[in-house]
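Colleague: Below are the sequence and a predicted model; questions follow.
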Amino acid sequence: MFREMRRSNQQLSHGECERILKQGKTGVLAVLGDGGYPYAVPLNYYYSDGEIFFHCAKEGHKLDAIVKCPKVSFCIIDRDDILAEKLTTLYKSVTVFGKAEIIEDEAQARTSVTELSIKYCPDQLDKIVEETNRDLGRLCMVKISIEHMTGKQGKELMKGEIG
């Protein structure tokens, strides 16, 4: 069902893809938006055991799209450096495809929003707990179950020409 990467010699290993997913700060979620137009939006996330988690408001474009069609893609750019003298870009990125679902269980939603917050603000645990207790009812946690994942790097990185 999913296409093989055309330039498979530039494909990243599964382990390297997972490293990028774990360490990345911002990903771009793509959904089937209004009128059949793609809708892509950057957001914070965390990755754990083949799943990506993020939060959003309880209403809005991305949530409406997920409810209508749970098939999504998510992209993380790990490296994006212009190498002007070679007229190229040194890049590493990961793209995943999967199905998104709203986390309905309050305990799971609480755990997920806490993990998300700890990723970005690990030294603010007291504030995280306080804010989670205050705001949990106003937000929605979403989980993407990954069905297919590919990562790609630029030729120059693959060849080890550049560090």
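Modeller: Looks like it came in fine. Numbers count the residues shown, from 1 in each chain.
Colleague: List the buried residues of stretch 74-93.
Modeller: Along stretch 74-93, the positions that meet the burial threshold by neighbour count (16 or more other C-beta atoms under 10 Å) are 74, 75, 76, 77, 78, 90, 91, 92, 93. To be clear about C-beta, it is placed using only N, CA and C from the backbone, and glycine gets the same treatment.
Colleague: what's the closest non-adjacent residue to the residue nearest the centre of the chain?
Modeller: What sits nearest the mean C-alpha location of the chain, by C-alpha atoms, centre = their mean, is residue 27, with 4.3 Å. Once flanking residues are discounted, residue 27 sits nearest to residue 76: 4.6 Å by C-beta to C-beta, 6 or more residues apart in numbering.
Colleague: Which elements pack onto the host helix or strand of the one you found?
Modeller: Counting by DSSP states H and E, the element that carries residue 76 is strand 71-83. Secondary-structure packing of strand 71-83 (3 or more C-beta pairs under 8 Å, 6 or more residues apart in numbering; DSSP states H and E): helix 14-23, strand 27-32, strand 88-102, strand 139-153.
Colleague: could you redo the last one with a cut-off of 10 Å?
Modeller: Based on contacts counted as 3 or more C-beta pairs under 10 Å, 6 or more residues apart in numbering; DSSP states H and E, the elements that strand 71-83 packs against are helix 14-23, strand 27-32, strand 38-43, strand 51-57, helix 61-68, strand 88-102, strand 139-153, helix 155-158.
Colleague: That one pairs with which strands, parallel or anti?
Modeller: Looking at strand 71-83 with DSSP bridges, its paired strands and their directions are strand 27-32 (antiparallel), strand 88-102 (antiparallel).
Colleague: tell me the angle that strand makes with strand 38-43.
Modeller: Using axes from the mean of the first three to the mean of the last three C-alpha atoms, to 10 degrees, the direction of strand 71-83 lies 60 degrees away from that of strand 38-43.
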